[in-house]
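Asker: This is a predicted model, with the sequence first.
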Amino acid sequence: MTRSEDARSKRAGRLAAAAIAGLVISVGSVGADRGSSARWPSIRAVADVAPLEVRVARAGGPREPDPAQAQVDTPEQQEDPNDAKVVARVGESVITAGELRRALAQTPRSVLAQFGSTPDEIRKNYLDRVLVRDALFAEEARARGIESQSDVRDRELGAMRAMLVDDVRREAGAKKISDADVKSFFESNPDRFVTPKRIQIQRILVATEAEASALIADLGERPDPKRWNDAAREKSLDKANNLRGGALGLVAEDGSTGQAETKVDPAIFAAADAVKDGTIVPSPVREGPRWAVVLKRQTVAPVVQSLDAEAPSIRAELADQRLRTAMQALLDKLRPTLLTELNVELCDMVSVSSTGELDRSKRPGTLPRSKRNASPAPNEGAPGGLR
């Protein structure tokens, strides 16, 4: 093969690859048999579907198509007047040109290439090997009564519920949260986007003020860490923290800490806030009936989040709020008209254990089992016993 023939061969290969990639897939006119369809497994009217249309973005006049620069229209952009025409009938199932077009458009190009080397082969093979095949399986499933099984109904209900949520989301404008909405929410909830000032505190809790004062004098203004930890372990009455040097973690102004179960008197924060980092509060701090020796380790300044940083989470929260409101409104509308019978008392027949597991169903009128302990077995030879 000469060099020029080799170049022409490579160029033809690239053109074919671009066509197979299916930059835009659309279905043209469809002729379908409109006659009555027989019961499955008859397959009717796989019609002549117009060739796939390939469009390539062009700049500066015609040039060789480049698959990497291909532009594919979304299914919504590919509306076609022939979408309602039937390309195949399988028993009770009907496959339209629109369904074929959308299925092709949503299938990855690498997968489409496995159905043939030309657009015509891809289109017809995909229809036969995928859509018709699935319709045949669906018809057989109906014939076997599979669609009436509870797990199939559950999946169908789940799919319909998900599609309904998507519809309600669009109707409620949950996907159209404006920048003004985000800014308004940010400005209306300033406390949510500010982490307040916190102080890392250690404290030793003792019974009397005199004992606390003596301990402060002994430890000094800036105590040695080892001496402080030893004193906390030996003398602190707070046994939840004494082995950790009395560490309370980061304490907020209201006395809350990073641990939900640990909260101290706000006076502890106020006293620590008045001294420098690394120093002991010079006077004992009353905490209920006891007294605290407070060591301020470090101050963490307040953090204010920016609108730009919080915008994505705000947008998601507003969308969720709109969706929830719309779904609740729909539920309130549907319940009075569609809910015709509700026997909540029959729920007692379903037993659920404390771990969330279902127990065996009870029959109506069944009395609960007695919880009395069984009588011990009689001793052999005893009066009335078994021999």
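Answerer: Yep, that arrived. Residues are numbered from 1 along each chain as shown.

Asker: The stretch 251-387 of the chain: strands as residue ranges?
Answerer: Ranges of strands in the stretch 251-387 of the chain, per DSSP state E, counting those that start in this stretch, are 279-280, 285-287, 290-300, 303-304.

Asker: Which of those strands sits closest to residue 87?
Answerer: Residue 87 lies closest to strand 303-304 among those, at 60.3 Å (Cβ to Cβ). C-betas here are computed from N, CA, C, even on glycine.

Asker: neighbouring strands for that closest one, and are they parallel or not?
Answerer: Strand pairing for strand 303-304, using DSSP bridges, gives strand 194-195 (antiparallel).

Asker: Let's test this: mean pLDDT of the helix or strand following the partner strand, rounded?
Answerer: Next along the chain after strand 194-195, taking DSSP states H and E as the criterion, comes strand 198-206. Per-residue pLDDT values over strand 198-206 give a mean of 94.

Asker: list the helices and strands strand 198-206 packs on?
Answerer: Applying 3 or more Cβ pairs under 8 Å, 6 or more residues apart in numbering; DSSP states H and E, one finds that strand 198-206 contacts helix 209-219, helix 225-235, strand 247-251, helix 266-273, strand 290-300.

Asker: Render the CA-only coordinates of the third one in CSV, please.
Answerer: Read it as strand 247-251. The C-alpha coordinates for strand 247-251 follow below in CSV (Å, rounded to 0.1, in the frame of the first residue of the first chain):
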residue,chain,number,x,y,z
ALA,A,247,-9.9,18.6,80.4
LEU,A,248,-13.3,19.9,79.4
GLY,A,249,-12.4,20.4,75.7
LEU,A,250,-13.6,23.6,73.9
VAL,A,251,-16.2,25.4,76.1
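
Asker: Report all helices and strands that it contacts.
Answerer: The criterion is 3+ Cβ pairs under 8 Å, 6+ apart, and the helices and strands that strand 247-251 contacts are strand 198-206, helix 266-273.

Asker: Contacts for it, please.
Answerer: By Cβ atoms under 8 Å, 6 or more residues apart in numbering, the list of residues contacting strand 247-251 from outside reads 198-203, 241, 257-259, 262, 264, 268-269, 272, 300.

Asker: Would you mind splitting this protein into its domains for me?
Answerer: The chain breaks down by automatic domain parsing into domains covering 3-153, 197-301.

Asker: among these, which gets the worst mean confidence?
Answerer: Looking at the domains of the chain, the bottom one is domain 3-153 with a mean of 64.

Asker: Same list, the helices and strands packed on strand 198-206, but as JSON lines with mean neighbour count please.
Answerer: Converted to JSON lines, the helices and strands packed on strand 198-206 look like this (neighbours: other Cβ atoms under 10 Å):
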{"stretch": "helix 209-219", "mean neighbour count": "16"}
{"stretch": "helix 225-235", "mean neighbour count": "15"}
{"stretch": "strand 247-251", "mean neighbour count": "20"}
{"stretch": "helix 266-273", "mean neighbour count": "19"}
{"stretch": "strand 290-300", "mean neighbour count": "21"}
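
Asker: got the ones you listed as JSON lines, with distance to residue 123 columns?
Answerer: Below are the helices and strands packed on strand 198-206 laid out as JSON lines (distance: least, Cβ to Cβ, whole Å):
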{"stretch": "helix 209-219", "distance to residue 123": "85"}
{"stretch": "helix 225-235", "distance to residue 123": "77"}
{"stretch": "strand 247-251", "distance to residue 123": "64"}
{"stretch": "helix 266-273", "distance to residue 123": "72"}
{"stretch": "strand 290-300", "distance to residue 123": "64"}
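
Asker: how about those, which one is nearest residue 181?
Answerer: Comparison of these against residue 181 by Cβ to Cβ identifies strand 290-300 as nearest, at 32.1 Å.

Asker: Quick check: neighbours of that closest one in the sheet, parallel or antiparallel?
Answerer: Next to strand 290-300 in the sheet, as set by DSSP bridges, lie strand 198-206 (antiparallel), strand 279-280 (antiparallel), strand 285-287 (antiparallel).

Asker: Run through who's touching that strand.
Answerer: Here strand 290-300 makes contact (Cβ under 8 Å, 6+ apart) with 197-209, 211-212, 215-216, 219, 223, 228, 237, 246, 250, 268, 271-273, 275-281, 284-286.

Asker: Report the two of the contacts of strand 247-251 separated the most.
Answerer: That would be 241 and 300, which, of those, are the farthest apart (Cβ to Cβ) at 19.1 Å.

Asker: returning to that earlier point: turn the helices and strands packed on strand 247-251 into JSON lines, columns for distance to residue 329.
Answerer: Formatted as JSON lines, the helices and strands packed on strand 247-251 follow (distance: least, Cβ to Cβ, whole Å):
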{"stretch": "strand 198-206", "distance to residue 329": "41"}
{"stretch": "helix 266-273", "distance to residue 329": "43"}
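
Asker: Please identify the buried residues of the longest helix seen in the chain?
Answerer: Longest helix in the chain, counting residues (DSSP state H): helix 307-338. For helix 307-338, the neighbour count (16 or more other Cβ atoms under 10 Å) marks 310, 311, 314, 315, 317, 318, 319, 322, 323, 326 as buried.

Asker: Equivalent analysis for stretch 144-158, please.
Answerer: Under 16+ other Cβ under 10 Å, stretch 144-158 has no buried positions.

Asker: Enumerate every residue touching the nearest residue to residue 130 once chain neighbours are set aside.
Answerer: Residue nearest to residue 130 in three dimensions, not counting chain neighbours: residue 103, with 7.1 Å by Cβ to Cβ, 6 or more residues apart in numbering. Shown in contact with residue 103 (Cβ under 8 Å, 6+ apart): 126, 130, 131.

Asker: Ramachandran angles for the second one?
Answerer: It stands for residue 130. The phi/psi pair for residue 130 (degrees, to the nearest 10) reads phi -110, psi -60.

Asker: and the gap between it and residue 101?
Answerer: From residue 130 across to residue 101, the span is 13 Å (Cβ to Cβ, to the nearest Å).

Asker: Settle it for me: which of the two has more neighbours?
Answerer: Neighbour count, other Cβ atoms under 10 Å: between residue 130 and residue 101, residue 101 has more, with 24 against 16.
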